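Peer 1: Please find the sequence and the predicted model below.
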Amino acid sequence: MFEILYQQGRKRRARHAIKGDRCAIGSARHNDLVLKHRHIAKKHATLYARNNRIHIEDLGSITGTWVNRERIINYGPLTEHDEITIGDVNLKIGPQISQEHALNTNEPVVDGSDANGAERAEEQDSLSTGRQGREQQKMVLYWTGIIHEQLIAEMDLRRKDVHSMSDDQLRVEAETLLDQIINRLAAELPGDLEIVKLRLNVLNEAVGLGPLERLLEDDSITEIMVNNHQEVFVERDGRLVDSGESFSGDQAVLSVIERIITPLGRRIDESSPMVDARLKDGSRVNAVIPPLAIKGPSLTIRKFAKERLTFENIIGYGSISRAMVDFLKICVVQRKNIIVSGGTGSGKTTLLNVLSNFIPETERIVTVEDAAELKLCRPNLVSLEAKPANLEGRGAITIRELVKNTLRMRPDRIVVGECRGGEALDMLQAMNTGHDGSLTTAHANSPRDALSRLEVMVLMAGMDLPVSAIREQVASAVNIIVQQTRHACGSRKITKISEVTGIESGTIQLQDIFEFRQQGVDERGKIRGEFVATGFVPTFYETLQAVGVPVDLSIFGNNLDDYR
């Protein structure tokens, strides 16, 4: 006897107990499990037990039988983590077979007279403990899915209007119903099941973000990556590691995604299977679902620090030197246009947030972003966010339109979260028409690459401009490029600060002011090096001196360790 858990389309999950050692699946009435769908044959597949393990065989169906998104003819043995797809139905086997198998497995006997008996016994105990932990986790996940379904059904039955409840009210209501369901199922639950862990899992999946709740509370984690419901990785101390967490199924991941994006007025479905969003604390969220995500719904969360970072924090992390900070402060206060360049995850948005600390509080700032991430602590601030299209494909408001609109909002500073398309042209025009001190970011591997990317993005605006005219615009608008780099060890460094000095013979001229020179790695595998000044004094420093602005030229000495 074995049990299977199945879900057809968006219907509720159901259990089906098989009394014998075989289960015929198909659309005809004589099957043990009858599933009506145009992609399910009359005799589609068979589940059968062999040596206390479950196997599946396809019976020559046209649409096929799929295990873990791969078409099979005969597959086994199955585990509780294997996902079987037949037509629009997803099936899983219950954990009972694995438990029986574990009991019937002949483990090697340790002979006490063996000289290595104690070591073998210790090794065997370790393996047994690990196996028991995995079995316990499988049981918790299995019963989480079942109780979660009953909790949703109970709320529907009692006609609870969950949309009108606050988060706290919904959690209290869910806890009350959850306790009643667990008490009702007490006789069916395994005796060694961790009820406290089960209760927390169900509660988090029902009214929270499932296993992500624990990861979001961990301050040592900077990024969360859900590859599918079984694989959840995190970035900790710059390294990617397996979190050890998992969801009860694909539907649980989809529920978490919808719970994140619905309050923001965004949507995700087969016609629009990708979405960018944010959490309440500003953390960036990206989600992709099938048919684009082959292994199942995928979710990536880039966490924001709970405490607002300052340059003192970044200096402490070894990402920048004191002299470089003082120079960037002069650049921001004196309204120089700055581009923060870097690769994905290099810390561009974080640096943009920190740079905003230097903007005087008397100035009006307008920010433009695709998904709002910037958290600028300034009194006179307007934050704008792009709007995706509705179900009819209409009503989209792009970043480019928002950048154009900022010019009518009397901004002292325009901050664009990231230039990635035609909005670069409007940003350059704003920089060239009296909106000095603007800030933005761009994806590039070096300051020179950042200039090339700007040229390409301007061409994406659809204007038939000659390259020479674009370069003149860039050279006139951009003053400083700050290059941020994320190294293989996970550390983030500001590797270059460069000034755009003009254009000569059709080529934009760059001059490095500060740079990070790598000197190897330390005993922990971390990048080791020093921040140095190239000795070049920025051209605008002469102008500042001429108008009486106090500037410190000693920061441009070659040895920054002598600078205090």
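Peer 2: Arrived safely. Given the structure is predicted, the values throughout are model-derived calculations rather than measurements.

Peer 1: contacting residues for Leu553?
Peer 2: By CB atoms under 8 Å, 6 or more residues apart in numbering, Leu553 lies in contact with 537, 541. C-beta: built from backbone N, CA, C; applies to glycine.

Peer 1: Quick check: longest strand in this structure by residues?
Peer 2: Identified as the longest strand of the chain according to DSSP state E is strand 507-521.

Peer 1: Paired strands for it, with orientation please.
Peer 2: Note on strand 507-521: by DSSP bridges, its sheet partners are strand 492-504 (antiparallel), strand 527-533 (antiparallel).

Peer 1: Please work out the average pLDDT along that strand.
Peer 2: Taken as a whole, strand 507-521 has a mean pLDDT of 90.

Peer 1: Which of the residues in stretch 537-556 are classified as buried?
Peer 2: Across stretch 537-556, burial judged by 16 or more other CB atoms under 10 Å covers 537-538, 540-541, 551, 555-556.

Peer 1: re the thing from before, quick one: the longest strand of the chain to chain centroid distance?
Peer 2: 31 Å (CA atoms, centre = their mean, to the nearest Å).

Peer 1: Using CSV, list the CA coordinates for it.
Peer 2: Output of strand 507-521 as CSV, limited to C-alpha atoms (Å, rounded to 0.1, in the frame of the first residue of the first chain):
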residue,chain,number,x,y,z
THR,A,507,37.9,60.1,-28.5
ILE,A,508,36.7,60.9,-25.0
GLN,A,509,39.6,61.5,-22.7
LEU,A,510,39.8,59.8,-19.3
GLN,A,511,42.2,60.4,-16.5
ASP,A,512,42.4,58.1,-13.5
ILE,A,513,42.6,59.9,-10.1
PHE,A,514,42.5,57.0,-7.7
GLU,A,515,42.8,53.3,-8.2
PHE,A,516,43.0,50.0,-6.2
ARG,A,517,46.2,48.0,-6.9
GLN,A,518,45.9,44.4,-6.0
GLN,A,519,48.8,42.7,-4.3
GLY,A,520,47.6,39.2,-3.9
VAL,A,521,45.3,37.4,-1.5
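
Peer 1: ok, and what's touching it?
Peer 2: By CB under 8 Å, 6+ apart, strand 507-521 touches 321, 323-324, 327, 447-448, 451, 471, 474-475, 481, 485, 489, 493-503, 527-534, 536, 538, 556, 560.

Peer 1: Please point out which parts of it sit buried.
Peer 2: For strand 507-521, burial by neighbour count (16+ other CB under 10 Å) applies to 508, 510, 512-516.

Peer 1: What is the end-to-end distance of stretch 410-421?
Peer 2: Using CA to CA, to the nearest Å, the end-to-end distance of stretch 410-421 comes to 24 Å.

Peer 1: my bad, should have said stretch 4-22
Peer 2: End-to-end distance for stretch 4-22, by CA to CA: 12 Å.

Peer 1: Run through the stretch 1-150 of the chain and note the low-pLDDT ranges.
Peer 2: Along the stretch 1-150 of the chain, the model assigns pLDDT under 70 to residues 1, 95-138.

Peer 1: One more: the stretch 201-350 of the chain?
Peer 2: Residue ranges of the stretch 201-350 of the chain with pLDDT under 70: 306.

Peer 1: So which residues of it form strands?
Peer 2: For the stretch 201-350 of the chain, the strands defined by DSSP state E, counting those that start in this stretch occupy 221-228, 231-236, 239-242, 274-278, 284-288, 298-302, 338-342.

Peer 1: for the stretch 51-200 of the chain, same thing?
Peer 2: 53-58, 65-67, 70-72, 74-75, 84-86, 89-93.

Peer 1: Just give me the neighbour total for Gly506.
Peer 2: As a burial measure, Gly506 scores 9 neighbours (other CB atoms under 10 Å).

Peer 1: which non-adjacent residue is nearest it?
Peer 2: Nearest residue to Gly506, sequence neighbours excluded (CB to CB, 6 or more residues apart in numbering): Ser468, at 5.9 Å.

Peer 1: just to revisit the earlier point, please identify the deepest-packed of the strands paired with strand 507-521.
Peer 2: The highest mean neighbour count among the strands paired with strand 507-521, using mean count of other CB atoms under 10 Å, belongs to strand 492-504: a mean of 21.

Peer 1: now that one and strand 338-342, what's the angle there?
Peer 2: Computed by axes from the mean of the first three to the mean of the last three CA atoms, to 10 degrees, the angle separating strand 492-504 from strand 338-342 equals 130 degrees.

Peer 1: if we can go back for a sec, kindly reformat the strands paired with strand 507-521 as a markdown table containing mean pLDDT and distance to His443.
Peer 2: Compiled in a markdown table, the strands paired with strand 507-521 are given as follows (pLDDT from 0 to 100; distance: least, CB to CB, whole Å):
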| stretch | mean pLDDT | distance to His443 |
| --- | --- | --- |
| strand 492-504 | 91 | 15 |
| strand 527-533 | 89 | 21 |
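
Peer 1: just checking, Asp436 touches Ile338?
Peer 2: No: between Asp436 and Ile338 there is no contact under CB atoms under 8 Å: 10.6 Å.

Peer 1: and these two? which has more neighbours close in?
Peer 2: Using other CB under 10 Å, the more surrounded residue of Asp436 and Ile338 is Ile338, with 22 against 17.

Peer 1: What's the local residue count around the closest residue to that one other than its chain neighbours?
Peer 2: Residue nearest to Ile338 in three dimensions, not counting chain neighbours: Ile480, with 4.7 Å by CB to CB, 6+ apart. As a burial measure, Ile480 scores 22 neighbours (other CB under 10 Å).

Peer 1: so which of the strands of the stretch 201-350 of the chain is the most packed in?
Peer 2: Counting by mean count of other CB under 10 Å, strand 338-342 has the highest mean neighbour count of those, with a mean of 26.

Peer 1: mind listing what Val403 touches?
Peer 2: Shown in contact with Val403 (CB under 8 Å, 6+ apart): 368, 414, 416, 423, 426-427, 430.

Peer 1: Let's have those residues in a markdown table, adding neighbour count, distance to Thr65 and secondary structure.
Peer 2: A markdown table is the format used below for those (neighbours: other CB atoms under 10 Å; distance: CB to CB, whole Å; DSSP: H, G, I helix; E, B strand; the rest coil):
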| residue | neighbour count | distance to Thr65 | secondary structure |
| --- | --- | --- | --- |
| Val368 | 30 | 50 | strand |
| Ile414 | 24 | 56 | strand |
| Val416 | 29 | 50 | strand |
| Glu423 | 26 | 48 | helix |
| Asp426 | 24 | 53 | helix |
| Met427 | 30 | 53 | helix |
| Ala430 | 21 | 58 | helix |
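
Peer 1: List just the nearest of the residues you listed to Asn204.
Peer 2: Val368 (34.7 Å; CB to CB).

Peer 1: Quick one: residues contacting the closest one.
Peer 2: Applying CB under 8 Å, 6+ apart, the residues near Val368 are 384, 386, 399, 402-403, 406, 414-417, 423.
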